Every structure is written in C-alpha cells, then in structure tokens.
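S.K.: how would this look folded up:
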Amino acid sequence: MKMQVTLSPGEVKQIIKNHLEKKFGNVGEVTLEVDRELRGHYTNEHYETVFKGAKCEVEAAE
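M.R.: Model (predicted):
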C-alpha cells in the first residue's frame, strides 16, 4: 500500500538532526534551505517551493 506523507519543517529538521547525531557527537541547529522556482509552461506558469538542502554545524569526534 502506498501513502503520501506530508512533514512539517519542524519534523524534517528533527529527522535530519536525529540522523546526524548518530554520526557526530554534537549537532547544532538545523537550517533548511528552500527556494522558489518558476515551473510550468506559458499560461500554466507558477512558483513552487523547492528544497535545496539543509545546513548545520556538527562537532566531530577526535
């Protein structure tokens, strides 16, 4: 069975932070980078929000 799931920005940040905490010791605040891009063709053109990436600072184990 397939389902479509919508996550809030807070949920996405928490998932990324949990994943990075498994690899690194200390993970700072996660910042999501989004942009608006023009999509469509002629009369159907519209702007869509597009996920560009995420940034955060981590403290690597020595």
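
S.K.: how many other residues sit next to residue 58?
M.R.: As a burial measure, residue 58 scores 14 neighbours (other Cβ atoms under 10 Å). For glycine as for every other residue, the C-beta is placed from the backbone atoms N, C-alpha and C.

S.K.: That one and residue 51: what is the separation?
M.R.: 20 Å (Cβ to Cβ, to the nearest Å).

S.K.: Let me see the mean pLDDT of stretch 12-22.
M.R.: Averaging pLDDT along stretch 12-22 yields 89.

S.K.: again, but for stretch 27-34
M.R.: Throughout stretch 27-34, pLDDT has a mean value of 86.

S.K.: How far does that stretch sit from its chain's centre?
M.R.: 8 Å (Cα atoms, centre = their mean, to the nearest Å).

S.K.: Looking at the chain, name the residue that lies furthest from the middle.
M.R.: No residue in the chain sits farther from the centre than residue 43, which is 30.0 Å out by Cα atoms, centre = their mean.

S.K.: Now for it: which residues touch it?
M.R.: Contacts for residue 43 (Cβ atoms under 8 Å, 6 or more residues apart in numbering) come out as none.

S.K.: Three-state assignment for it, please.
M.R.: On the three-state scheme (DSSP: H, G, I helix; E, B strand; the rest coil), residue 43 is labelled helix.

S.K.: tell me the pLDDT at it?
M.R.: 83.
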